[in-house]
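Q: please work out how this folds:
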Amino acid sequence: MTSTSSLRLLPLVLWLAVACTAKDGDVTDTDTAPTGSASVTLDGAIVGLVDEVVSFEATTVSGAVSVRWDFGDGSGADAGPDTRVTHAYNKPGHYVAGVQVTGADDAVVTDTVNVTITWPLAEGASRSSSSVAVGAGKVFVALEDFDKVAVVAQDGWSLSSHIDTCPHPRWLSFLPDPTAPDTRGLLAVACREVGPGVQFFAIDGDAVSQVGELDLTGSGRAPTGVVLADDGTAWVPMISRTDVVGTLMHMDPVGDVLNVVSLGTDLRGLAIQGTTLVVSRFRSPDGGGQFWIVDTTTHAKTIHTIGLSPGPDSDTDARGVPNYLAAVAIRPDGRTVTVAGLKDNIQRGLVRDGLPMDDETTVRSDLRQLSLVLDEGPVGKELGRPRLDNLDLFSGVVYSPLGDWLYAMTYGTRTIQVLDAYDLRQSGMVLDLGIAPAGIATTLDGGALLVDASAERTLMVIDAAPPFANLATIDLRPGGVEVLDAAVLRGKQVFANSADQRMSRFGYASCASCHLEGDDDGRTWDFTDRGEGVRNTISLRGMADRIGTPIHWSGNFDEVQDFEADIRGPQAGLGFLTDAQWAGDAHGTLAAPKAGLSVDLDALAAYVNSLGDLDLPYDGLEAQGRAIFNNPVVGCATCHPDGGSISSWLSPGLPDLRDVGTLTPLSGHRLNDPAPLPGVDIPSLHGLWSTAPYLHDGSAPTLRAVLVTRNPDDTHGVTSGLDAAQLDALEAYLLTL
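A: Next comes the predicted model:
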């Protein structure tokens, strides 16, 4: 393989030029070296394939007597001066080959060259669903709060235009036109809420025209990603208010559905390479993460489990179930897939293992590399996981074009971890990304990393070679004008920023760790050491309709600003109040109001209180189920009128807690009160379709379990008199709320 000096590689070892380096102001000219001495020069970097013969040649001068090569993989060879040698590497990776030249005067000089060995690239491009897409000389970035996609010209790195889209565009994919890849292609856009849900745009230079859409208005369904296959069709995972099993839709750019593949619930991460499609489950069951491998030709599918991390719990690692699995990328050789997210330590707690929760072992980053081909081991087998400290959720992963580097981006700590794609060794790090980086991509030549800093409305362009210089930061807002209230935007930034030591001592946790983008994490935590008990995470969606009502299952907060207690406590942050404020009347929860004491804490409250329900209208409401719900004999509407709640304060600091027969010894206490928990706060039922498991302790995996299994004495609505058909109707109605 010829030397390729233009290829940008990370220097794993400093280049050496012992004999060629002048000292004390002297100049060494290799053409006039003293008789008997020698010098050696290696130029550029070498790229080759596994088992392919690679050529090495060192330029020496007269006086060289012997040449010894070390290929960096444990093997070497002797050669004469200016003699070409060859070698074949049997494993992919980054190697440092060295040459040692001995002169007639017995002086030894050396030099090294970086060698990159890869597997052959698979047929077709590797693409992932992301908020950033690249092609036709442009970068496309989803602006979810603006209902637009920003278009950035790579020539000069400037904002060139915006594309109006369906509401809340979140995921993009771009397919270059093979006849004119530098100027034309197809852009697919998937929107989080309200139909139409998927749109397709033809890109031709600066011209943009919509060519099709999938209108999901009134269906109760919404996409959670999109990726374009090489044949121009799109694959779109769906969530639904009413479908028990999540579906994967295959459609053409006009928006016509070609096929529907049933997979599992809560589909999110999406990556394709050739005919191999990988889809991840966003929120994992307690037993481990899940992903599916789908053959896009035959629609054959297999499900695979990503095991719990065994730990042990320490200051550098922890146990946990992989969760929030939205970052998925297939290596361009098609042999492995990386699935990344967060690791939740649900094994820990005073009830579960006798150990209190702490800030270093509750949540951590999680990244797994898994096999896609038998050559790498059984399909779905875990091949490796890096142990990376002081990091939170991975929100994006992308490979370099050769597939030899993996760039893994963290959401709250705002870093890019540069990993060797074959052994996952850390080789570099990019720090200080913009807040809430939601998507990452590389330019087609691999020279730059592209980061969507979603909460700052910017695209960061970063040199892919050390020292990872920031080449440009581009404001993506039309006219630079913000659409959110200033306090709400600031609160959105505070909410996600675990790198802020006021939020978290070591960066592991932010509000987004349990409530990413306002949702719930699907976890049930053991908070016994906090004076509470086993608690199921509540979604913050719909807080806009519950301002001023008790917060948490035990009503232990009366304002969002009370999260200062969790920030200073379990997250070990410095806090947003001054120490004097915290030591005074504002100490703890249900104390004197904290509102007005901290601009950033008030901004956090403004953001949380702005969160509405996910807007997925469904036109097929079950009339029979609605009638059963509102029947006073059954009693659902007594506490949940219109699917809401009568959650309220009986008096300042005393919430209206109800015992509906679901309390157990594990329910714990409230605010360290030694008395048993008297009841739980009445939750809103809006969003039930996406917030399983249910009840304060997560003991009901399904709504049927809420209505029957966990309600044997009719203390949570009189449901014992309902037959199976009536229960089906009631459950169907609840899913539409």
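Q: which stretches of the stretch 551-700 of the chain have low pLDDT?
A: 617, 619-621 (pLDDT under 70).
Q: apply 80 and report the result again.
A: 614-622 (pLDDT under 80).
Q: so which strand or helix has L187?
A: strand 184-191 (DSSP states H and E).
Q: which SS state does I538 fall under?
A: Put simply, I538 is coil when judged by DSSP: H, G, I helix; E, B strand; the rest coil.
Q: tell me who's in contact with L663.
A: L663 makes contact with P676, L677, G679, V680, according to C-beta atoms under 8 Å, 6 or more residues apart in numbering. From N, CA and C alone the C-beta is placed, and that goes for glycine too.
Q: against A438, how distant is M460?
A: Distance, M460 to A438, using C-beta to C-beta, to the nearest Å: 12 Å.
Q: related to what we said a few turns ago, so which of the contacts of L663 wins on neighbours?
A: Neighbours here are counted as other C-beta atoms under 10 Å. On that basis the top member of the contacts of L663 is V680, with 24 neighbours.
Q: what residues are up against that one?
A: V680 neighbours (C-beta under 8 Å, 6+ apart): W553, S554, L657, R658, D659, V660, T662, L663, S667, H696.
Q: show the buried residues in the residues you listed.
A: W553, S554, L657, R658, V660, T662, L663, S667, H696 (16 or more other C-beta atoms under 10 Å).
Q: in the stretch 201-350 of the chain, where is pLDDT below threshold?
A: 242-245.
Q: what ranges do the strands span in it?
A: 207-214, 221-223, 227-228, 234-240, 247-251, 257-262, 267-273, 276-281, 289-295, 301-306, 309-310, 319-330, 336-344 (DSSP state E, counting those that start in this stretch).
Q: quick one: list the elements packing against the third one.
A: Going back to what we said before, that points to strand 227-228. strand 126-128, strand 169-176, strand 184-191, strand 234-240, strand 267-273 (3 or more C-beta pairs under 8 Å, 6 or more residues apart in numbering; DSSP states H and E).
Q: re earlier: output the contacts of V680 in TSV; the columns should cover distance to G48 and secondary structure.
A: Listed next are the contacts of V680 as TSV, based on distance: C-beta to C-beta, whole Å; DSSP: H, G, I helix; E, B strand; the rest coil:
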residue	distance to G48	secondary structure
W553	59	coil
S554	62	coil
L657	68	coil
R658	69	strand
D659	70	coil
V660	67	coil
T662	63	coil
L663	66	coil
S667	62	helix
H696	59	coil
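Q: max pairwise distance over those: which two?
A: S554 and V660 (14.1 Å; C-beta to C-beta).
Q: who's V101 bridged to?
A: On the basis of DSSP bridges, V101 is bridged to V67, V109.
Q: W525 bridge partners, please.
A: Going by DSSP bridges, W525 forms beta bridges with R535.
Q: ok, it - contacts?
A: I346, G349, M357, V534, R535, T537.
Q: so which of those residues is the closest to V53?
A: I346 (51.4 Å).
Q: how near is the closest residue in space to P593 that isn't next to it in sequence to K148?
A: Distances taken as C-beta to C-beta, 6 or more residues apart in numbering put E559 closest to P593, at 6.4 Å, once the chain neighbours are dropped. Going from E559 to K148 by C-beta to C-beta gives 34 Å.
Q: one more: S554?
A: S554 is 42 Å from K148, by C-beta to C-beta.
Q: could you do G377 as well?
A: In terms of C-beta to C-beta, G377 sits 44 Å off from K148.
Q: check D333 too.
A: From D333 to K148 the distance is 36 Å (C-beta to C-beta).
Q: in three-state terms, label W689 for me.
A: helix.
Q: residue contacts, the spatially closest residue to S598 that is not a sequence neighbour?
A: Counting by C-beta to C-beta, 6+ apart, S598 lies nearest to F576, which is 4.4 Å off, once chain neighbours are set aside. Taking C-beta under 8 Å, 6+ apart, we find F576 in contact with V494, R502, E564, I567, S598, D600, L601, L604.
Q: could you redo the last one with a cut-off of 6 Å?
A: R502, S598, D600, L601 (C-beta atoms under 6 Å, 6 or more residues apart in numbering).
Q: coming back round to it: looking at G377 and K148, which is more packed in?
A: With neighbours defined as other C-beta under 10 Å, G377 and K148 compare such that K148 has more, 21 against 13.
Q: and the residue lying closest to the more buried one once chain neighbours are set aside, how many residues sit next to it?
A: Spatial nearest neighbour of K148, excluding adjacent residues (C-beta to C-beta, 6+ apart): H162 at 4.5 Å. Residues near H162, counting by other C-beta under 10 Å, number 19.
Q: check the one 5 residues further on too.
A: Residue crowding around P167 was assessed by other C-beta under 10 Å; the count is 14.
Q: mind starting the numbering at 362 from now?
A: That works, and once the first residue is 362, the last one we named lands at P528.
Q: that one and K853: what is the separation?
A: 18 Å.
Q: could you dump stretch 509-517 to PDB, C-alpha only?
A: Output of stretch 509-517 as PDB, limited to C-alpha atoms (Å, rounded to 0.1, in the frame of the first residue of the first chain):
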ATOM      1  CA  LYS A 509     -37.200  24.000  10.800                       C
ATOM      2  CA  VAL A 510     -34.100  22.400   9.500                       C
ATOM      3  CA  ALA A 511     -31.000  24.600   9.300                       C
ATOM      4  CA  VAL A 512     -28.800  24.300   6.200                       C
ATOM      5  CA  VAL A 513     -25.100  25.100   6.600                       C
ATOM      6  CA  ALA A 514     -22.800  25.500   3.700                       C
ATOM      7  CA  GLN A 515     -19.500  23.600   4.200                       C
ATOM      8  CA  ASP A 516     -17.800  26.000   1.900                       C
ATOM      9  CA  GLY A 517     -17.000  28.700   4.400                       C
END
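Q: contacts for that stretch next, please.
A: Taking C-beta under 6 Å, 6+ apart as the rule, stretch 509-517 contacts 498-504, 520-526, 530, 820, 835, 837.
Q: starting at the chain centroid, how far to it?
A: 23 Å (C-alpha atoms, centre = their mean, to the nearest Å).
Q: now swap in stretch 800-820 and tell me
A: So, by C-alpha atoms, centre = their mean, the centroid of stretch 800-820 is 14 Å from its chain's centroid.
Q: now do stretch 899-915
A: Using C-alpha atoms, centre = their mean, the offset of stretch 899-915 from its chain centre is 25 Å.
Q: start and end of that stretch, how far apart?
A: 12 Å (C-alpha to C-alpha, to the nearest Å).
Q: same question for stretch 625-644.
A: 11 Å.
Q: check stretch 413-427 too.
A: 26 Å.
Q: what do you get for stretch 567-580?
A: 34 Å.
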